[in-house]
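> Fold the following.
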Amino acid sequence: MTESYVQNLFADRIGGKQYGKSTAIYKFAKIKAAKRAALAANHGAEIIDMGVGEPDEMAFPEVVAELHKEARKPENRGYADNGDAVLKEAAARYLERVCGVPGINPETEVIHSIGSKAALSILPAVLINPGDYVLMTTPGYPVFGTHTKYYGGLVHNLPLIQANRFLPDLDSIPADVLSKAKALVINYPNNPTGASATPEFFAKVVEFARRNRIVVIHDAAYAALVFEGKPLSFLATPEAKEVGIELHSTSKSFNMTGWRCGFVTGNELLVKAYGDVKDNSDSGQFLAIQHAAAYCFDHPEMTEKIAAKYSQRMDALVQALRGAGFNASKPKGSFFLYVKAPKAAVKKDGVRVQFKTAEDVSQWLITEKLISTVPWDDAGASLRFSVTFVAKDQAGEKRVLAELGRRLADVRFEF
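Predicted structure coming up:
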């Protein structure tokens with residue numbers, strides 16, 4: 001068959017003339033394929049899915065009711081553009097009440113986002129010229145870096161390792177990279193490590209940004225999902241608003257992943273620039289969804305209930321993994337548990353299976369134990385477990401976690 005002329009028209013940023021010809025398989029596609037194969041080979045069996053990266057429950061009934069009420073209002077039917085005052089004012093109240101950040105001007109320092117992913121894809125257009133660097137943590141969420149490369153920018157990765165409490169080593173950045181850097185993107189509580197930042201670290205980030213004239217973008221998607229104390233906002237750091245912005249979302253904190261709503265807040269000039277680019281990217285999230293999100297930000301007790309559930313599950317998951325030999329420790333927030341991947345598994349019959357990568361471990365766990373995890377080999381072989389597995393109630397949670405322990409009981413892992 002003659003190759004279509006369309007094949008020669010793709011942009012270089014997505015592969016150019018070779019687009020679609022790669023045989024490389026994305027790791028999440030491998031995981032899905034392995035799960036399908038495992039179920040086909042074990043008819044009627046249950047996959048224990050510890051790889052899910054989104055809440056296992058629906059939004060609270062009162063939030064759905066709020067959406068229904070707002071969707072019936074004729075004044076909410078049109079283009080939202082950069083939003084009205086309802087979500088902006090709720091965001092400012094939320095930042096002060098929950099995150100300890102007073103003085104946010106809702107008119108000039110807050111704009112809604114169609115989820116944090118959309119904001120992270122738009123923001124590089126605000127800052128990045130060809131040859132500019134962005135500093136990003138690895139492992140991590142790649143969207144800002146992907147779009148940076150689309151604009152001809154470069155990404156310098158900062159490994160997150162346990163020895164540094166999964167915080168980036170800002171002193172390790174080469175001078176030639178630093179001189180061309182425009183932005184530092186951080187995310188705490190962190191995906192995938194579950195690590196939390198400290199006020200001291202955020203203070204160091206502010207000083208680093210001021211000294212090197214770099215913008216800080218803090219993806220706070222998991223900020224309110226904490227197991228002890230109050231959520232920690234980057235903007236609560238003195239002078240943080242002078243150097244950066246923060247992204248908040250209803251997806252994880254309010255079980256609203258599909259609703260696609262959050263907000264960008266902080267430095268007035270950066271928020272304005274984000275709004276200008278966003279205005280040429282979308283026509284705004286449906287106002288009824290924005291208003292339902294505003295209701296959520298005025299009712300943070302919902303997040304507290306969600307976090308309490310995750311905390312309880314995390315305690316049991318840590319116990320189950322420790323029983324299997326993993327050096328698991330409960331994080332202070334998020335719904336992720338990040339552990340060192342084993343180098344080998346020894347079965348009861350003495351058969352030893354060696355693993356070269358975390359991906360090898362993940363595939364083996366799916367195939368042999370019907371347990372799904374997410375592997376990360378970016379900064380040492382590690383596995384990410386999530387406590388957002390499906391369970392209807394506490395009895396269901398106990399059953400799933402007990403079954404996890406049972407499936408791992410006949411294996412001795414070597415680390």
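> which residues are in contact with stretch 397-412?
46, 48, 50, 312-313, 316-317, 320-321, 323-325, 345-348, 369-371, 389, 391 (C-beta atoms under 8 Å, 6 or more residues apart in numbering). C-betas here are computed from N, CA, C, even on glycine.
> could you pull out the helices for the stretch 251-400 of the chain?
268-279, 287-297, 301-323, 358-369, 394-408 (DSSP state H, counting those that start in this stretch).
> Among the ones you listed, show me which one is buried the most.
helix 287-297 (a mean of 25; mean count of other C-beta atoms under 10 Å).
> Using PDB, list the CA coordinates for that helix.
Taking Å, rounded to 0.1, in the frame of the first residue of the first chain, the C-alpha atoms of helix 287-297 are listed here in PDB:
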ATOM      1  CA  LEU A 287     -19.500  27.600  34.900                       C
ATOM      2  CA  ALA A 288     -21.700  25.000  36.700                       C
ATOM      3  CA  ILE A 289     -18.600  22.900  37.200                       C
ATOM      4  CA  GLN A 290     -16.600  25.900  38.400                       C
ATOM      5  CA  HIS A 291     -19.300  26.700  40.900                       C
ATOM      6  CA  ALA A 292     -19.500  23.200  42.100                       C
ATOM      7  CA  ALA A 293     -15.700  23.300  42.600                       C
ATOM      8  CA  ALA A 294     -16.100  26.500  44.500                       C
ATOM      9  CA  TYR A 295     -18.500  24.700  46.800                       C
ATOM     10  CA  CYS A 296     -15.800  22.100  47.400                       C
ATOM     11  CA  PHE A 297     -13.200  24.700  48.300                       C
END
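> Identify the residues contacting that helix?
62-64, 66-67, 70-71, 73, 75-76, 78, 80, 83-84, 86-87, 89-91, 93-94, 112, 250, 253-254, 256, 259-262, 284, 302.
> Helices - which of the residues you listed land there?
Using DSSP state H, the subset of these located in helices is 62-64, 66-67, 70-71, 86-87, 89-91, 93-94, 302.
> Now, of those residues, which are buried?
63, 66-67, 70, 86-87, 89-91, 93-94, 302 (16 or more other C-beta atoms under 10 Å).
> Determine which two of those are furthest apart.
Greatest spatial distance among these (C-beta to C-beta): Leu67 and Arg93, at 19.7 Å.
> Quick one: residues contacting Tyr274.
Applying C-beta under 8 Å, 6+ apart, the residues near Tyr274 are 111, 119, 122-123, 126, 245, 264.
> any chance of these in CSV, with secondary structure, neighbour count and distance to Asp12 too?
Converted to CSV, the contacts of Tyr274 look like this (DSSP: H, G, I helix; E, B strand; the rest coil; neighbours: other C-beta atoms under 10 Å; distance: C-beta to C-beta, whole Å):
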residue, secondary structure, neighbour count, distance to Asp12
Ile111, strand, 24, 32
Ala119, helix, 25, 25
Ile122, helix, 23, 21
Leu123, helix, 28, 22
Val126, helix, 21, 22
Ile245, strand, 27, 30
Val264, strand, 27, 29
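> excluding its backbone neighbours, what's nearest Ala294?
Ala90 (3.6 Å; C-beta to C-beta, 6 or more residues apart in numbering).
> And for Gly100?
Ala236 (4.9 Å).
> Give me the pLDDT value at that neighbour.
Listed pLDDT for Ala236 reads 98.
> Now the phi/psi pair for it, please.
phi -80, psi -10 (degrees, to the nearest 10).
> cool, Asp171 as well?
Torsion angles at Asp171 (phi, psi; degrees, to the nearest 10) stand at phi -80, psi -10.
> How many neighbouring residues does it have?
Other residues near Asp171 number 7, with proximity taken as other C-beta atoms under 10 Å.
> And Ala409, by the same measure?
Using other C-beta under 10 Å, Ala409 is surrounded by 11 other residues.
> So what's the gap between stretch 159-170 and the chain middle?
17 Å (C-alpha atoms, centre = their mean, to the nearest Å).
> returning to what we had before: list the contacts of the residue nearest to Gly100.
99-101, 199, 202.
> Out of those, which sit inside helices?
Judged by DSSP H, the contacts of Ala236 include 199, 202 as members of helices.
> What is the nearest of the contacts of Ala236 to Glu3?
Phe202 (52.4 Å).
> and that closest one, what is it in contact with?
232, 234, 236-237, 240.
> Out of the residues you listed, flag the one nearest to Ala341.
Nearest to Ala341 among those is Leu232, at 28.7 Å by C-beta to C-beta.
> my read: that closest one touches Phe201, true?
No. Checked against C-beta atoms under 8 Å, the pair Leu232 and Phe201 is beyond contact range at 9.6 Å.
> Please list the residues outside the helix or strand of the chain with the lowest mean pLDDT that contact it.
Lowest mean confidence among the helices and strands of the chain (mean pLDDT, DSSP states H and E): helix 27-41, at a mean of 92. Helix 27-41 has contacts (C-beta under 8 Å, 6+ apart) with 25, 45, 47, 49, 51, 359, 362-363, 366-367, 370, 372, 374-375.
> so can I have CSV of these showing distance to Asn8 and pLDDT?
Below are those laid out as CSV (distance: C-beta to C-beta, whole Å; pLDDT from 0 to 100):
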residue, distance to Asn8, pLDDT
Ile25, 25, 83
Ala45, 47, 92
Ile47, 42, 96
Asp49, 41, 96
Gly51, 38, 94
Glu359, 34, 97
Ser362, 37, 97
Gln363, 36, 97
Ile366, 39, 97
Thr367, 40, 96
Leu370, 45, 97
Ser372, 39, 97
Val374, 36, 97
Pro375, 36, 97
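> Closest one of these to Glu3?
Closest to Glu3 out of the contacts of helix 27-41 is Ile25 (22.8 Å), distances taken as C-beta to C-beta.
> how many other residues sit next to Tyr150?
Tyr150, neighbours per other C-beta under 10 Å, totals 16.
> just the one 10 residues further on next, same as before
The number of residues packed near Leu160 is 26, by other C-beta under 10 Å.
> Next one: the closest residue to it other than its chain neighbours from Ala236, what distance?
Distances taken as C-beta to C-beta, 6+ apart put Phe166 closest to Leu160, at 4.4 Å, once the chain neighbours are dropped. Distance, Phe166 to Ala236, by C-beta to C-beta, to the nearest Å: 20 Å.
> next one: Lys21
From Lys21 across to Ala236, the span is 49 Å (C-beta to C-beta).
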